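J.: have a look at this prediction, sequence included:
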Amino acid sequence: MKSTTNILRSAVLLVAATALADEAKPKLPPLPVAVSSLGAVECGGFLYVYGGHLAAPHTYSNETTSGKLHRLDLGDPKSKWEEMPGGTHLQGMNLAAHKGKIIRVGGMAPRNKKGETPALFSTDEAVRYHPKVRKWEKLPALPQPRSSHDVVVIGDKLFVVGGWKLDGKGTSGTWHDTALVLDLAAEKPEWKCFAQPWKRRALTAVAHDGKVYVLGGLTDKGPVKKVDVYDPKTDTWSTVADYPGSARAGFSPAACVHKGRLYLNTADGDVLRLKEKADGWEEAGKVPTPRIVHRLVPWGDSVLAVGGAGEKSNVADIEAVAVGGKK
């Protein structure tokens, strides 16, 4: 009897200790505004977020996109969002970090007024933000406008994968069948195209083990849960195991690399981790508020779900999912 009582007492104490630990974890303040289809990246201990869609899904005008850049000090539990110099009002783009600077490439900008027929245009803009001097500088423009794509950095190489080109004629565009790379260390950087053996947009990409992993996205036939891998050293593409989930899990998931492991968050709310041999996926957690067209950012022993569109509206809350220190 005493043994059973002790076990119950220990269980109660464990639950209480876990609850206290959860309460003790610092909670990040919500985004300055609920937004989806934004860019987000960690750089120098700060979380940077840029632009995004401010309105209900499939509602477009020159008032529905943001051109603001904000950052949050992830090392200060009392930190508040700080607005930095912004730029073009865009959605359907992402940010990448390189040597303490923030890079933004492409994106979509509506040019119609509220109530008018959507006039959606992809941009060829490529720029780099210097936090120390708080200024943007131009990088070489893309060979063609591109949006609904993703960007990653490996070493000094900036890669752009997926996406399409919108030219103001309705809400459908021309799918890109090539990827791009820019040598940021070159004296005169120039974009170079290379073969991309698929056409997809609304995807996510990360740099992992020196390769570009491209996950999920939309084809002209619907969402897929494929994972394509580009190796810059051999200039070759390969695939690893498809990730699990419902059909909607293919549309605009979010991914990041945390302590050497690749994590993916889908519309189902699942946080998945690629197995070490890349031959399958394992469950690593659950985002309380499932979302799409959001971003996943590493933080401490957690990954952060940033922004996105929830079931009924855009999401401002940043939700942390503890994934521990597994490598």
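T.: Nice, thanks for sending it over.
J.: ok, the residue nearest to Ala205 when sequence neighbours are not counted - how many residues close by?
T.: Excluding the flanking residues, the one nearest Ala205 by C-beta to C-beta, 6 or more residues apart in numbering is Asp150, at 3.9 Å. Quick note: C-beta positions are derived from backbone N, CA and C, even for glycine. Neighbours of Asp150 under the rule other C-beta atoms under 10 Å: 27.
J.: how much space separates Asp150 from Ala202?
T.: Distance of Asp150 to Ala202, computed by C-beta to C-beta, to the nearest Å: 10 Å.
J.: now His53
T.: Counting by C-beta to C-beta, the gap from His53 to Ala202 is 12 Å.
J.: all strands for the stretch 1-150 of the chain, in order.
T.: Remark: strands assigned in the stretch 1-150 of the chain by DSSP state E, counting those that start in this stretch are 39-43, 46-53, 65-73, 82-84, 95-98, 101-105, 108-110, 120-122, 126-130, 135-138, 150-154.
J.: quick one: the closest residue to Lys132 other than its chain neighbours from Leu182, how far?
T.: Leaving aside its chain neighbours, Lys132 sits nearest to Gly100 (7.6 Å; criterion: C-beta to C-beta, 6+ apart). As judged by C-beta to C-beta, Gly100 and Leu182 stand 18 Å apart.
J.: shared neighbours, His53 and Ala202?
T.: Shared contacts of His53 and Ala202 (C-beta atoms under 8 Å, 6 or more residues apart in numbering): Val293.
J.: more neighbours, the two?
T.: His53 (27 against 23).
J.: any idea what the more buried one is bridged to?
T.: Ser36, Thr65 (DSSP bridges).
J.: close enough to count as contact, it and Gly39?
T.: No: at 11.6 Å, His53 does not count as touching Gly39 under the criterion of C-beta atoms under 8 Å.
J.: about what we covered before: the more surrounded of Gly100 and Leu182?
T.: The residue with more neighbours, out of Gly100 and Leu182, is Leu182; 23 against 10, by other C-beta under 10 Å.
J.: contact partners for that one?
T.: Ala126, Leu139, Pro140, Lys157, Leu158, Val160, Pro189, Glu190, Trp191, Lys192.
J.: please identify the helix or strand for it.
T.: Using DSSP states H and E, Leu182 falls within strand 178-183.
J.: strand partners (parallel or antiparallel) of that strand?
T.: Partners of strand 178-183 in its sheet, by DSSP bridges: strand 157-161 (antiparallel), strand 191-195 (antiparallel).
J.: ok, now which ones touch the residue nearest the centre of the chain?
T.: Closest residue to the average C-alpha location of the chain: Arg295 at 3.3 Å, with C-alpha atoms, centre = their mean. For Arg295, the contact set (C-beta under 8 Å, 6+ apart) comprises Leu38, Gly39, Ala40, Val41, Val49, Asn94, Ala254, Cys256, Ala305, Val306, Gly307, Gly308.
J.: who's it bridged to?
T.: With DSSP bridges applied, Arg295 shows beta-bridge pairing to Val306.
J.: mind checking how far it is from Ala255?
T.: Taking C-beta to C-beta, one finds Arg295 at 9 Å from Ala255.
J.: ok, now Val227?
T.: The value you get for Val227 to Ala255, if C-beta to C-beta is used, is 10 Å.
J.: and the two? which has more neighbours close in?
T.: Per other C-beta under 10 Å, whichever of Val227 and Ala255 has more neighbours is Ala255, with 26 against 21.
J.: so what's that one up against?
T.: With C-beta under 8 Å, 6+ apart, Ala255 has these contacts: Thr204, Ala205, Val206, Tyr213, Leu215, Leu262, Tyr263, Leu264, Asn265, Leu296.
J.: for the closest residue to Ile318 other than its chain neighbours, list the residues it contacts.
T.: Spatially, and ignoring its direct neighbours in sequence, Ile318 is nearest to Leu28 (4.6 Å; C-beta to C-beta, 6+ apart). If you count contacts by C-beta under 8 Å, 6+ apart, Leu28 has them with Leu47, Leu72, Leu74, Leu304, Ile318, Ala320.
J.: ok, the nearest residue to Pro57 once chain neighbours are set aside to Tyr230 distance?
T.: Counting by C-beta to C-beta, 6+ apart, Pro57 lies nearest to Ala309, which is 6.1 Å off, once chain neighbours are set aside. Between Ala309 and Tyr230 the computed distance is 28 Å (C-beta to C-beta).
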